[in-house]
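>>> fold the stuff below for me.
(one chain, ligands or ions: 1)
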Amino acid sequence: MSVLDDLAGGLVVSCQPLPDDPDDPMRDPYVQARVAAAVVRGGAVAVRVNGPDDVRAVRRAVDVPVIGLYKHGTDDVFITPTATHALEVALAGADIVAIDATDRPRPDGRAFADTVRALRERTDALVLADVSTAAEGVAAVEAGADAVATTLSGYTPASAPTDGPDLGLVERLVALLPVPVIAEGRYRGTEQVGQAFEAGAHAVVMGNAVTSPLWITRRLVPATPRAASAPKQRE
Ligand SMILES: CC(=O)N[C@H](C=O)[C@@H](O)[C@H](O)[C@H](O)COP(=O)(O)O
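You can find the predicted model right below:
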């Protein structure tokens, strides 16, 4: 029984502050742990958490699998870019470590397979390869990934941006890979989640649409605030 079996058919929720807003008030391990506890109470089968401090806090707050990643920067390879980042979140309590497995140079000059090997030597954490193309998914499994996620589709030069989630990539990866495929990236509601499962996804990840009040509110605020109506004259 692998911890990946716990994710089958379920919703994974990404509990992270907004990467592009350093002043996001949700940027606090205690806050992320409370958000994680709430989404698990709501039925999430696992949570995806950024950074060793948040992983440690969330680990204490939930009893479902924790997918840990460690973002460093916002450009090029920034999701768990080296073995050091991977080991830190694994040792902080992550059951699964999400690692950029795109076909781009990594800051330490090593290959994805090297990071996988280094992680395996020190921990029993599983490896979730975050990819943007089907070819990257195939290579990631050959390098030892236990599962593959469509996380980076639309965020790399090799993948065309799409408004909604990249369901086509889910389908292609499911057809090609012998490991679970996790649908992730721009899933915003139940219809899209259902489409991902129809495409063969093992599980689906939702992030901002569930856990970012900042992201949600920014999309709800009218572009041009309506003029406030004149207060009624009180009798
Ligand atoms: C591209 C990137 O850095 N994605 C990150 C991966 O951990 C997170 O910022 C996303 O929130 C997560 O993948 C879920 O995606 P969405 O928030 O669209 O449901």
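
>>> any idea how far apart the tips of stretch 226-235 sit?
End-to-end distance for stretch 226-235, by CA to CA, to the nearest Å: 26 Å.

>>> name the nearest residue to Ile99, sequence neighbours excluded.
Take Ile99 and drop its neighbours on the chain: the residue closest to it by CB to CB, 6 or more residues apart in numbering is Thr80, 4.3 Å away. In this view, the C-beta of every residue, glycine as well, is placed from N, C-alpha and C.

>>> just give me the neighbour total for the one you found.
Neighbour count for Thr80, taken as other CB atoms under 10 Å: 31.

>>> hmm, Glu88 and it touching each other?
No: with contacts counted by CB atoms under 8 Å, Thr80 stays clear of Glu88, the gap being 9.0 Å.

>>> what is in contact with those two at once?
Residues touching both Thr80 and Glu88 (CB atoms under 8 Å, 6 or more residues apart in numbering) are Tyr70.

>>> longest helix in the chain, by residue count?
When the chain is parsed with DSSP state H, its longest helix is helix 29-41.

>>> in stretch 51-61, what counts as buried?
Across stretch 51-61, burial judged by 16 or more other CB atoms under 10 Å covers 51-59, 61.

>>> now the residues you listed as a markdown table including distance to the ligand, secondary structure and pLDDT?
Converted to a markdown table, the buried residues of stretch 51-61 look like this (distance: CB to the nearest ligand atom, whole Å; DSSP: H, G, I helix; E, B strand; the rest coil; pLDDT from 0 to 100):
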| residue | distance to the ligand | secondary structure | pLDDT |
| --- | --- | --- | --- |
| Gly51 | 11 | coil | 98 |
| Pro52 | 15 | helix | 98 |
| Asp53 | 16 | helix | 98 |
| Asp54 | 12 | helix | 98 |
| Val55 | 13 | helix | 98 |
| Arg56 | 17 | helix | 98 |
| Ala57 | 17 | helix | 98 |
| Val58 | 14 | helix | 98 |
| Arg59 | 17 | helix | 98 |
| Ala61 | 19 | helix | 98 |
